[in-house]
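A.B. asks: What would the 3D arrangement of this be:
(2 chains)
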Number of protein chains: 2
Amino acid sequence: MSERAGRRKGGGRAGRREARASSVKAAAPYIQRKIPYVEILSEEGLQLIEDNADKLLEEVGIDFLDDPEVLELFQVAGASVDGTRVRFPRGMCRQIIQASAPSEYIQHARNPERSVVIGGKNTVLVPAYGSPFAHDLDKGRRYSTIEDFRNFVKLAYMAPGIHHSGGTVCEPVDLPVNKRHYDMVYSHFKYSDKPLMGSVTHYRRAQDTVDMAKLVFGDEFVDQNCVLTSLINVNSPMVFDGTMLGSLKVYARNNQSCVVSPFILAGAMSPVTVAGTCTQILAEAMAGIALTQLIRPGCPVVFGTFAAAVSMATGAPTFGTPEPSQVIYATAALARRLGVPYRSGGGLCGSKLPDAQAAYEAANTLQTAALAGVNFMLHTAGWLEGGLAVGYEKFVMDCDQASMIAVLLEGMDLSENAQAMDAFHEVGPGKHFLGSAHTLSNFESAFYRSTIADNNSFEQWSAEGSLDAAQRANGIWKKMLADYEAPALDSAIDEALLDFMAREKASFADRDY
Amino acid sequence: MSERAGRRKGGGRAGRREARASSVKAAAPYIQRKIPYVEILSEEGLQLIEDNADKLLEEVGIDFLDDPEVLELFQVAGASVDGTRVRFPRGMCRQIIQASAPSEYIQHARNPERSVVIGGKNTVLVPAYGSPFAHDLDKGRRYSTIEDFRNFVKLAYMAPGIHHSGGTVCEPVDLPVNKRHYDMVYSHFKYSDKPLMGSVTHYRRAQDTVDMAKLVFGDEFVDQNCVLTSLINVNSPMVFDGTMLGSLKVYARNNQSCVVSPFILAGAMSPVTVAGTCTQILAEAMAGIALTQLIRPGCPVVFGTFAAAVSMATGAPTFGTPEPSQVIYATAALARRLGVPYRSGGGLCGSKLPDAQAAYEAANTLQTAALAGVNFMLHTAGWLEGGLAVGYEKFVMDCDQASMIAVLLEGMDLSENAQAMDAFHEVGPGKHFLGSAHTLSNFESAFYRSTIADNNSFEQWSAEGSLDAAQRANGIWKKMLADYEAPALDSAIDEALLDFMAREKASFADRDY
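C.D. replies: Got it, this is the predicted structure:
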């Protein structure tokens, strides 16, 4: 790392601290929940699942592939290792986790006003992740590119209801697989100042992400603070592969957060029942979370879930149906009992279009995750076609819903002003409240105003072209991109990032990955 | 009433009893909730609203228009009457209600297997109500007719997730205003055997509905049992008009149920805050419910709500936003504390089309109402454009969601089979569960299968015409109507109903309404 970059970073950190002190209260960069969690299981039900997960870990165990170091770590900690299979004595994973894993942590953004608290009563809403296709009404569905990627980073930056820049919002398939992570990480830092997720597709790419974060935040700051929350999928059922283990180890060693996420299409990668699926999710998550704590005790980590139901008729994954909702309600409660932050999906859907199917399924998932108490809501905005595509219109429609979630979780205002007893005396039976003093002094902040919904008269709506919601959303994302202004980025940091990328990309002739 | 009809009714009742004994357990004609209620207010918060509602009733009061009998009933019961204004001593309404109003009741259907329990932990899903327009993709939006009315009765009859035939599913505007109620009530009895709602637009029409019900169920049965649940809207703020009072009195006197529903576009008919709106709803509902108990102590009654938020920018009602959801969560809890069944809206939306706006808003409202603990969910299916239109495609899409609600409220199966511990031992890490013995013995009942969603591959979906959800729904309702078969109706009852209608309609030359 160049001296110059190091110097600037020091100054930047001091500046950040100053800025934090002066403005952290003014901004609300994430949701602080004020309503109770929704629970669908009793204490006995939750204990039953926990007991079964312990049995699963003890009697069946988990395979950790291509990573002798991980097997050794578990063996030293007291697990039984047989080939790649690790079996855990009853309670071992829970004890390891509860000894050191934090129940919440700050993920710092390069703009301190946008830093988020992940865990506790907080909810952070994050864009969709991982799509190889992009979709919009004009061009339809096509492979996504780095231009799409940058566009979604910009849209997420501009959306007040989205708290995080996400990670692989879509795959920039126009760039080489082994180099595109540089451009993705750079785009998050360049076009947004919200927190981001790192690359996980190779341990060297994870390390590259950490190295780039150090250019922005400074070496020491990164070692002592979380600046990356990254997605580690389990190869369910009950397998962690070498790629994911390699990335998990890099992030944990560097004190960065992993979202350990069993990836489950229930009925295929898990039993065809909700209770069985929850059991497996808990077992897999506990094994992966415990591993992070063996690598670096106290490093931040998140209990992840991704659960869709497989259609037994066609084998296709399905979304927004009641069984995955039950999984979310139950696993959120299990994560709370374990004492770690919880991640689930947000606006999931199977639809190819931003139509009614997409909206029913997304709303069902989003409401469920919010009420259940999700801390890190991946896929809040943009998800289409079971994650194969990210949609522009779907993205801005979901952002509207995301803003509503914040109001819902805020709970009911019971202040004297909100009780409005004066208004009743002022207005009385048979009159309307529109012009009352109470309404006039409250109407601006009164009710959530949707950016997407059209509630005008049929006649006015017809006169304006009879547009459906997706057509209106099409106009909205275009206007947002036209209005986009990049957040300031220290030019020395920008140069350091660009230098690093150029240097690294040039060295690929010597590499075997 | 003809002797013949009377005789047949007797036989029919005995037959019904027999049928009930043999098959009531086989059918599940309504939802019996097994998960906890979702509450967003603390005990203190709920008490505060109750206290404020009592103050509102005592200090401001409610206007009861054009009905001296009602004023007298309240005065005798201890209220202070000043003109049409009634002020209630603290706690008076609650005491009257808790002395006699049932916490749940059976509404009998002409097919006893379709009778529903309204109240307690039960949820009954009911079609949309009151639209002057109908909408479908082929013909667009137009005034609705008796043919539309019959079609929606048939669709509701065929939908497994809908438990009730509803009332004025749409206005048959091709029939005269003062006679169309005969055709509506007849259509419910003829084309469905699910329970129904009666006419409320004139006290004589309410009486006609009761008289027609007596032809179906018998005089004595109707006097002793609820066979009609009808909608009495409050003219919020704090006014009951003579029309609604007249119909309420007819139904209550005949031991039939009224859903006393404050009709509120918050910010216009109530204060522009959630807490103020809840206070007013509780006060209005308590006043109307108490009235039913003064008329006939013990008659069934429902605490209704309808709350949308008015856009402060345009004055238009808005749906599916967080504030109306907060109203539903809070008022459901207030109704439980009062000890009476609770009604709210289901698939509400402001959209003119069965598009993403319609679906987001409907799903948000439906999830909220179901989780809050609604007992009688009016507008579950078909509602468009703030209730101005009922949509064919929206109807079948909402029916799909209604069926999902039943699965969600059923809660998680924790049986040994559902725990699936054998499946884990059978399959193990890295394998899939699709062919396992546990999956094969459970897959048929495993996961909810949507009738609307398309989860096929993009290629297959494209090959099948790239239809959106509304286009698929268009094919579904047409097939349902083509496949419709009317439930058996005793021909003597049918004739009696037709005779009654013909006689009554012929007498209108002598009437002044």
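A.B. asks: What residues does residue A:253 make contact with?
C.D. replies: A:295, A:296 (CB atoms under 8 Å, 6 or more residues apart in numbering or on different chains). No exception for glycine: its C-beta is placed from N, CA and C like everyone else's.
A.B. asks: Need the pLDDT of it.
C.D. replies: In this model, residue A:253 is scored at 98, pLDDT.
A.B. asks: State the distance from it to chain B.
C.D. replies: 26 Å (CB to the nearest CB, to the nearest Å).
A.B. asks: same deal with residue A:211?
C.D. replies: Residue A:211 is 33 Å from chain B, by CB to the nearest CB.
A.B. asks: cool, and residue A:445?
C.D. replies: 9 Å.
A.B. asks: For that residue, give me the pLDDT.
C.D. replies: 83.
A.B. asks: Which helix or which strand is home to it?
C.D. replies: Element membership of residue A:445, judged by DSSP states H and E, is helix A:437-446.
A.B. asks: Any buried residues in the helix or strand just after that helix, and which?
C.D. replies: Next helix or strand after helix A:437-446 toward the C-terminus (DSSP H and E): helix A:458-463. With burial defined by 16 or more other CB atoms under 10 Å in any protein chain shown, the residues of helix A:458-463 counted as buried are A:458, A:461.
A.B. asks: Residues touching helix A:458-463, excluding its own?
C.D. replies: A:454, A:467, B:141, B:352, B:385, B:388.
A.B. asks: Inside strands: which ones of those residues?
C.D. replies: residue B:141 (DSSP state E).
A.B. asks: What about the residue nearest to residue A:309 when sequence neighbours are not counted, how many residues nearby?
C.D. replies: Distances taken as CB to CB, 6 or more residues apart in numbering or on different chains place residue B:447 nearest to residue A:309, at 4.1 Å, with adjacent residues excluded. Other residues within reach of residue B:447, judged by other CB atoms under 10 Å in any protein chain shown, total 23.
A.B. asks: swap in residue A:99?
C.D. replies: Residue A:99 has 11 nearby residues by other CB under 10 Å.
A.B. asks: Hmm, it is touching residue A:293, no?
C.D. replies: Yes. Residue A:99 lies in contact with residue A:293 (CB atoms under 8 Å); the separation is 7.2 Å.
A.B. asks: Okay, strands next: where are they in the stretch 351-500 of chain A?
C.D. replies: A:376-381, A:383-384, A:389-391 (DSSP state E, counting those that start in this stretch).
A.B. asks: before we move on, back to that, could I get the contacting residues of the residue nearest to residue A:309?
C.D. replies: Taking CB under 8 Å, 6+ apart as the test, what residue B:447 contacts is A:266, A:267, A:272, A:309, A:310, A:311, A:312, A:318, A:321, A:323.
A.B. asks: same thing but at 7 Å, please
C.D. replies: Shown in contact with residue B:447 (CB atoms under 7 Å, 6 or more residues apart in numbering or on different chains): A:267, A:309, A:312, A:321, A:323.
A.B. asks: now, which of those lie within helices?
C.D. replies: residue A:323 (DSSP state H).
A.B. asks: least confident pick among the contacts of residue B:447?
C.D. replies: Ranking the contacts of residue B:447 by pLDDT, residue A:312 lands last with 83.
A.B. asks: Tell me, how many residues neighbour the spatially closest residue to residue A:173 that is not a sequence neighbour?
C.D. replies: Once flanking residues are discounted, residue A:173 sits nearest to residue A:143: 4.6 Å by CB to CB, 6+ apart. For residue A:143, the neighbour count with other CB under 10 Å is 15.
A.B. asks: list the contacts for residue A:143?
C.D. replies: Neighbouring residues of residue A:143 by CB under 7 Å, 6+ apart: A:132, A:133, A:173.
A.B. asks: Closest one of the contacts of helix A:458-463 to residue B:419?
C.D. replies: Proximity of the contacts of helix A:458-463 to residue B:419 (CB to CB) peaks at residue B:385, which lies at 46.7 Å.
A.B. asks: Please give me every residue in contact with the closest residue to that closest one other than its chain neighbours.
C.D. replies: If the residues on either side of it in the chain are set aside, residue B:385 comes closest to residue B:352, at 5.1 Å by CB to CB, 6+ apart. Shown in contact with residue B:352 (CB under 7 Å, 6+ apart): A:458, A:461, B:141, B:384, B:385.
A.B. asks: mind running it again at 6 Å?
C.D. replies: A:458, A:461, B:385 (CB atoms under 6 Å, 6 or more residues apart in numbering or on different chains).
A.B. asks: What residues does the stretch 251-400 of chain A have near chain B?
C.D. replies: A:268, A:271-276, A:309, A:311-312, A:316, A:318, A:321-323, A:326, A:350, A:352-357, A:359-360, A:363-364, A:367, A:397 (CB under 6 Å from any CB of the partner chain).
A.B. asks: Quick check: closest non-adjacent residue to the residue of the stretch 201-350 of chain A found nearest chain B.
C.D. replies: Of all residues in the stretch 201-350 of chain A, residue A:276 sits closest to chain B, at 3.0 Å by CB to the nearest CB. Across the structure, with CB to CB, 6+ apart as the measure, the residue nearest residue A:276 apart from its sequence neighbours is residue B:420 (3.0 Å).
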